[in-house]
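> How does the following fold in three dimensions:
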Amino acid sequence: ATMSLVLAMAACTSPPRAVEAPSSPNAALPTPSNDTCGASMYCELIGQPIDGPGVPGESRLNRLVRPGTQVTMDDIAQHRNIEANAAGAIQMINCRQARTGSFFRVRRNLSTCRCGLMVGHPHHARSLWRYSVKNLLAAILMATLPVSATALPAVAQLPAGMELGPTVGAKAPPFTVATIGREARNLQSVVGEKGATLVFVRSADWCPFCKLQLRSLNEIADDLDAMGWPVTAISCDSPEVLDTLTKANSITYSLMSDPGSKAIDAFGLRNEAMNGKARFEGIPHPIILFIAKDGTVKAKLYEATYQKRPTGEVVVQKARTLK
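Next up, the predicted model:
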């Protein structure tokens, strides 16, 4: 009966007029010249709560637009609007250049989390209809599952009272990681005037929360570098995976590979609950560590759940307090 209902609802949903599509369903959309505000870097936010984790806060160049919000036009090419619907879910991220009248917009593409509708660019995304249907079917099917099958696993949250990583004030363990070019690096290879900002992430390949965090770090990497705390992100991904993310998102800081999760283990960050689970083997609990040039752990930032990450504003503020 459930399947009949699903099929009937799908049959009643008719697609709108199709728009021009890329040649391959999984082909990467070209980076348009009028994405002046970096909207395409926030594709994973589509469908997420506008007040949720990872959403850039309100600022001079970033506006959170809810129904009824009055938005004035300006000539700032880097201005970014993050627009939510009546339910508070982000439905569009766009740049607006009032003087030229050109737009760049990002909407949803649920199957690959690529950027969707791009107005003002010759390559438009394919129709959103099929993804809406997929989302509808998935919601119906999930509703038919028992609660135990749909609940988040316990590994999504740190055990109560667990302190993650080395203690502040202690010496960081020696470690070696590899660049995209497979060259060995240690702490002294990545420090700045004061130290290094080490960002451990689960994966730059399959973890959307990590990819969003890595893209967001790009916006504050120069600030941290200027303060003497350059960013180095570390995961157990292969150099090829890190190279792909770096090139696709014009990442300006260093992404390092930790083959065998040796650095992750040295810092005591391994998610033990994932041991023996294929590609999840050896992933760390996400954390940001500020390590001084002499190896002292000066500060650390992390959240209880992997879906949340410290905001760029919090990271920069913490760096400013460190000597």
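> Test my guess that Cys236 contacts Leu269.
No. Cys236 lies out of contact with Leu269 (Cβ atoms under 8 Å); the separation is 10.6 Å. All C-beta spots, glycine's among them, are computed from the backbone N, C-alpha and C.
> higher neighbour count, these two?
Cys236 (26 against 22; other Cβ atoms under 10 Å).
> measure stretch 172-189 end to end?
Stretch 172-189 has its terminal residues 15 Å apart, counting by Cα to Cα, to the nearest Å.
> Kindly point out which residues are neighbours of both of Cys236 and Leu269.
Pro284 (Cβ atoms under 8 Å, 6 or more residues apart in numbering).
> What degree of burial does Gly228 show, as a neighbour count?
18.
> quick check: mean pLDDT across stretch 92-103?
Mean pLDDT, computed over stretch 92-103, is 59.
> Sketch out the helices for the protein, chain order is fine.
2-11, 129-143, 147-150, 187-190, 208-217, 221-226, 239-249, 262-266, 312-321 (DSSP state H).
> Could you tell me the least trusted of those?
Looking at these, the bottom one is helix 147-150 with a mean of 35.
> Sheet partners, orientation included, of whichever strand in the chain runs longest?
Ranked by residue count under DSSP state E, the longest strand found in the chain is strand 90-97. Counting by DSSP bridges, the strands paired with strand 90-97 are strand 80-84 (antiparallel), strand 102-106 (antiparallel).
> Which residues in the first one does the neighbour count mark as buried?
Within strand 80-84, the residues that qualify as buried are 80-84, counting by 16 or more other Cβ atoms under 10 Å.
> what are the C-alpha coordinates of that strand, in PDB please?
The C-alpha trace of strand 80-84 is given here as PDB (Å, rounded to 0.1, in the frame of the first residue of the first chain):
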ATOM      1  CA  ARG A  80      25.900  37.700  -0.800                       C
ATOM      2  CA  ASN A  81      22.200  37.100   0.100                       C
ATOM      3  CA  ILE A  82      21.200  33.900   1.800                       C
ATOM      4  CA  GLU A  83      17.400  33.500   1.300                       C
ATOM      5  CA  ALA A  84      15.100  31.300   3.300                       C
END
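> quick one: Val65 and Asn94, what's the gap?
Per Cβ to Cβ, to the nearest Å, Val65 is found 9 Å from Asn94.
> Can you check which residues contact both of those two?
81, 83.
> quick one, which of those two is more surrounded?
Of the pair Val65 and Asn94, Asn94 is the one with more neighbours under other Cβ under 10 Å, namely 22 against 17.
> That one contacts Arg80, correct?
Yes. Between Asn94 and Arg80 there is a contact under Cβ under 8 Å: 7.4 Å.
> which residues are in contact with stretch 212-219?
Contacts of stretch 212-219 (Cβ under 8 Å, 6+ apart): 38, 41-42, 44-45, 54, 56, 199, 201, 204, 231, 233, 245, 249-253, 255, 286, 309, 311-312, 315.
> now, which of those residues lie within strands?
199, 231, 233, 255.
> quick one: which of those has the most company?
For the ones in strands among the contacts of stretch 212-219, neighbours tallied by other Cβ under 10 Å; top is Val231, 27 neighbours.
> got a list of what the nearest residue to it once chain neighbours are set aside touches?
Nearest residue to Val231 in three dimensions, chain neighbours excluded: Tyr253, at 4.1 Å (Cβ to Cβ, 6 or more residues apart in numbering). By Cβ under 8 Å, 6+ apart, the residues touching Tyr253 are 217-218, 221, 225, 230-233.
> Check Val119 and give its pLDDT.
According to the prediction, Val119 has pLDDT 35.
> Revised request: answer the last question for Ser24.
Looking at Ser24, the pLDDT reads 34.
> Please check the contacts of stretch 212-219 and keep the buried ones.
Buried, going by 16+ other Cβ under 10 Å: 38, 41-42, 44-45, 54, 56, 199, 201, 204, 231, 233, 245, 249, 251, 253, 255, 286, 309, 311-312, 315, out of the contacts of stretch 212-219.
> Give the burial count for the closest residue to Gly57 other than its chain neighbours, as a bare number.
Computed as Cβ to Cβ, 6+ apart, the closest residue to Gly57 that is not its neighbour in sequence is Glu313, at 6.1 Å. Residues lying near Glu313 (other Cβ under 10 Å) number 12.
> Just confirm Glu313 contacts Asn62, I think it does.
No. Under the criterion of Cβ under 8 Å, Glu313 makes no contact with Asn62, lying 10.8 Å away.
> What values do phi and psi take at Gly181?
Main-chain torsions, Gly181, degrees, to the nearest 10: phi -90, psi 10.
> Return the residues in contact with Arg182.
Counting by Cβ under 8 Å, 6+ apart, Arg182 makes contact with 239, 257.
> what comes up buried for stretch 62-70?
62-65.
> Redo these as JSON lines? Include distance to Ala273.
Below are the buried residues of stretch 62-70 laid out as JSON lines (distance: Cβ to Cβ, whole Å):
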{"residue": "Asn62", "distance to Ala273": "36"}
{"residue": "Arg63", "distance to Ala273": "39"}
{"residue": "Leu64", "distance to Ala273": "35"}
{"residue": "Val65", "distance to Ala273": "39"}
